[in-house]
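**Student:** below are the sequence and a predicted model; questions follow.
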Amino acid sequence: MGAAGFLTPAAREGSGAELTGVLYLEDGTRFDGRGIGAEGSRVGEVVFTTGMVGYPESLTDPSYRGQILAFTYPLLGNYGVPDPAKRDAHGLPAFLEAPEIQVRGAVMRGVTRPNHWAAGATLERWLADGGVPGVVGIDTRRLTEHLRSVGVMAGIVHVGRAGERLEDDELARRLRSAPAYGTEAYVPEVSVKKPVLYEDGQGPLVALLDCGVKASIVRALLARHLTVLRLPWDHEVPERWEGRKVSGLLVGNGPGDPEQLAPTIEELRRPSTRRLPTLGICLGHQLVSLARGGSTFKLKYGHRGQNKTVCFDDGRALIVTENHGYAVRPESVKPAGLKAWATNPDDGTLEGIRDHRGRLIALQGHPEGHPGPQEAGFVFDLFAERVQRGTIA
């Protein structure tokens with residue numbers, strides 16, 4: 001047996017057994033299908049994403065920690081999974097957003113065999129190696145409509161041997177006995193444990209508070225000739241590091257409720273930290289808002305997909321990738337000395353903030369894409385310009 005009671009992939013394949021799968025929601029809704037990946041039960045918050053491509057990046061996005069991810073696109077796996085072990089020149093995962101799968105379970109309509117020159121594994125094999133159960137063959141359209149009606153909720157994915165059927169009472173019991181999504185501490189699990197320095201030449205040094213940052217965000221900074229000091233989520237932001245001045249701060253994405261991260265919020269309130277040119281992305285957008293006196297709330301559905309529209313205050317409407325379940329209350333930012341920079345035209349939620357001097361900018365969506373469009377990549381350019389300007393000054 002593998003970790004957490006999972007049958008190891010080798011043992012499962014050797015048995016030749018077909019797997020069954022079930023997704024059971026806390027309101028009693030049940031979806032039966034075929035099991036893939038690892039055997040066993042996992043509990044998490046059930047959410048959906050609308051992307052047509054990019055499933056390896058989505059499954060390794062630390063923002064999905066503690067969640068069961070359902071894909072609305074009906075067919076996955078056609079290009080397999082790129083080599084999970086491959087690293088780039090900086091030691092970051094070359095094709096993924098984190099070294100390992102972050103979701104607790106995966107739900108999809110269909111899976112096909114891969115046909116791609118760069119495929120290092122099938123989707124099924126990768127899930128099994130990562131100890132992640134998956135369910136295939138359910139009506140994901142019905143599931144999505146249900147979540148869009150009722151809202152995100154807790155659920156359990158169970159994968160078992162052929163002929164095995166867990167009754168609703170047993171699934172409900174396992175679901176009730178697990179911790180609620182909002183009570184678990186995910187950020188310490190996905191943050192680095194000690195500072196890591198990434199260099200690309202001799203560019204200005206910026207600190208990155210890692211609450212579960214995607215590898216693509218680090219690469220976006222390096223591509224703009226910034227040196228990156230990646231710090232644990234609760235680490236003090238130093239004024240200097242190994243003799244070099246820290247000239248900027250990025251607070252990246254991550255999982256869970258931002259109000260749980262009191263050490264990060266307090267660090268962002270320190271005068272020396274507040275003086276730095278600062279960029280917040282996704283969870284970082286929420287954290288810098290809380291640090292300045294704003295407030296957040298949990299969305300009924302969340303925003304997760306690669307086709308989210310963001311309207312900036314200069315009239316531009318751009319498409320970005322988003323993955324968040326919490327948002328900043330628009331009415332809370334003005335008393336905090338901030339102003340709205342971008343909004344979501346679908347539901348009016350706040351998508352971006354900035355201060356009046358332009359030293360702080362924050363975006364709820366992901367300007368790096370991966371997966372998804374990179375139309376908002378100019379946000380990194382603005383941040384790099386402010387860091388460079390401060391360095392020159």
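**Tutor:** Structure's in. What do you need? Numbers count the residues shown, from 1 in each chain.
**Student:** so where do the helices sit in the stretch 1-150 of the chain?
**Tutor:** Counting by DSSP state H, counting those that start in this stretch, the stretch 1-150 of the chain has these helices, from start to end: 9-15, 55-59, 123-129, 140-150.
**Student:** out of those, the one nearest Ala207 is which?
**Tutor:** The closest approach between Ala207 and any of these, judged by C-beta to C-beta, belongs to helix 55-59 at 24.6 Å. To be clear about C-beta, it is placed using only N, CA and C from the backbone, and glycine gets the same treatment.
**Student:** residues making contact with that closest one?
**Tutor:** The set of residues that contact helix 55-59 without belonging to it, under C-beta atoms under 8 Å, 6 or more residues apart in numbering, is 49, 51, 64, 69, 71, 76-77, 81-82, 95-97, 101-103, 106, 123, 126, 132, 214, 216, 323, 370-371.
**Student:** low-confidence bits of the stretch 151-300 of the chain, can you list those?
**Tutor:** Counting by pLDDT under 70, the stretch 151-300 of the chain has no low-confidence residues at all.
**Student:** ok, now the stretch 1-150 of the chain?
**Tutor:** 1-17.
**Student:** what do you get if the cut-off is 50, keeping everything else the same?
**Tutor:** Counting by pLDDT under 50, the stretch 1-150 of the chain contains low-confidence ranges at 1-15.
**Student:** packing partners of the helix or strand that contains Ile319?
**Tutor:** With the criterion set as DSSP states H and E, the secondary-structure element containing Ile319 is strand 317-328. If contacts are counted by 3 or more C-beta pairs under 8 Å, 6 or more residues apart in numbering; DSSP states H and E, strand 317-328 sits against strand 40-49, helix 283-291, strand 296-312, strand 350-355.
**Student:** check which residues of it are buried.
**Tutor:** If you call a residue buried by 16 or more other C-beta atoms under 10 Å, then strand 317-328 has these buried ones: 318-328.
**Student:** do the same with stretch 27-34
**Tutor:** Residues of stretch 27-34 classed as buried by neighbour count (16+ other C-beta under 10 Å): 29, 31, 33-34.
**Student:** just stretch 356-376 next, same as before
**Tutor:** Neighbour count says stretch 356-376 has 360-376 buried, by 16+ other C-beta under 10 Å.
**Student:** using JSON lines, lay out the buried residues of strand 317-328 together with distance to Arg174 and pLDDT.
**Tutor:** Listed next are the buried residues of strand 317-328 as JSON lines, based on distance: C-beta to C-beta, whole Å; pLDDT from 0 to 100:
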{"residue": "Leu318", "distance to Arg174": "42", "pLDDT": "95"}
{"residue": "Ile319", "distance to Arg174": "39", "pLDDT": "95"}
{"residue": "Val320", "distance to Arg174": "37", "pLDDT": "95"}
{"residue": "Thr321", "distance to Arg174": "33", "pLDDT": "93"}
{"residue": "Glu322", "distance to Arg174": "31", "pLDDT": "93"}
{"residue": "Asn323", "distance to Arg174": "27", "pLDDT": "93"}
{"residue": "His324", "distance to Arg174": "28", "pLDDT": "94"}
{"residue": "Gly325", "distance to Arg174": "23", "pLDDT": "95"}
{"residue": "Tyr326", "distance to Arg174": "27", "pLDDT": "96"}
{"residue": "Ala327", "distance to Arg174": "31", "pLDDT": "97"}
{"residue": "Val328", "distance to Arg174": "35", "pLDDT": "97"}
